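**Student:** starting from these lines, generate the structure:
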Amino acid sequence: GLGFVKTSPGGGGGRELGWPTANLQVNGRKFLPREGVYACWVRVGEEGPFAGVMNLGPQPTADPAAPSAVEVHLLDRTMTLNGLELEVEPVRFLRSQQTFQDLDHLSAQIGKDAQQARQVLLSQVVG
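**Tutor:** As a prediction, the model looks like this:
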């Protein structure tokens, strides 16, 4: 997995879209997978693993000027992640980064990403 430290709340855009995210700071020079969206397992301290979606890279629709970021959204949990250590284990690459014409289209795609991630992770648990 990737060891991360949670440092700050997301830029707010994710929350407005109904998808609150945790912005993560990578410890040292970890090897990061290629940019894109991933189904992942997330451990929060001693708790978890929880199903999640990880976005790695720039945010071309929400904030084109922002630098590349690593963001995680927990699928079925609402937790405050500020300042907590997270362990993130990417499970499957879902799609590459893309730009949407507006935030509604982005939000709809995030919904699809979440659904796909849930299916991938559930099949792992059952399988």
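
**Student:** what helices or strands is the longest helix along the chain leaning on?
**Tutor:** Ranked by residue count, the top helix of the chain under DSSP state H comes out as helix 103-126. Under the contact definition 3 or more CB pairs under 8 Å, 6 or more residues apart in numbering; DSSP states H and E, helix 103-126 sits against strand 36-44, strand 47-57, strand 85-95. All C-beta spots, glycine's among them, are computed from the backbone N, C-alpha and C.

**Student:** buried sites along it?
**Tutor:** Neighbour counts over helix 103-126 (16 or more other CB atoms under 10 Å) mark Leu106, Ser107, Ile110, Asp113, Ala114, Gln116, Ala117, Arg118, Val120, Leu121 as buried.

**Student:** present the helices and strands packed on helix 103-126 as JSON lines; the columns should include distance to Leu74.
**Tutor:** Formatted as JSON lines, the helices and strands packed on helix 103-126 follow (distance: least, CB to CB, whole Å):
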{"stretch": "strand 36-44", "distance to Leu74": "6"}
{"stretch": "strand 47-57", "distance to Leu74": "5"}
{"stretch": "strand 85-95", "distance to Leu74": "10"}
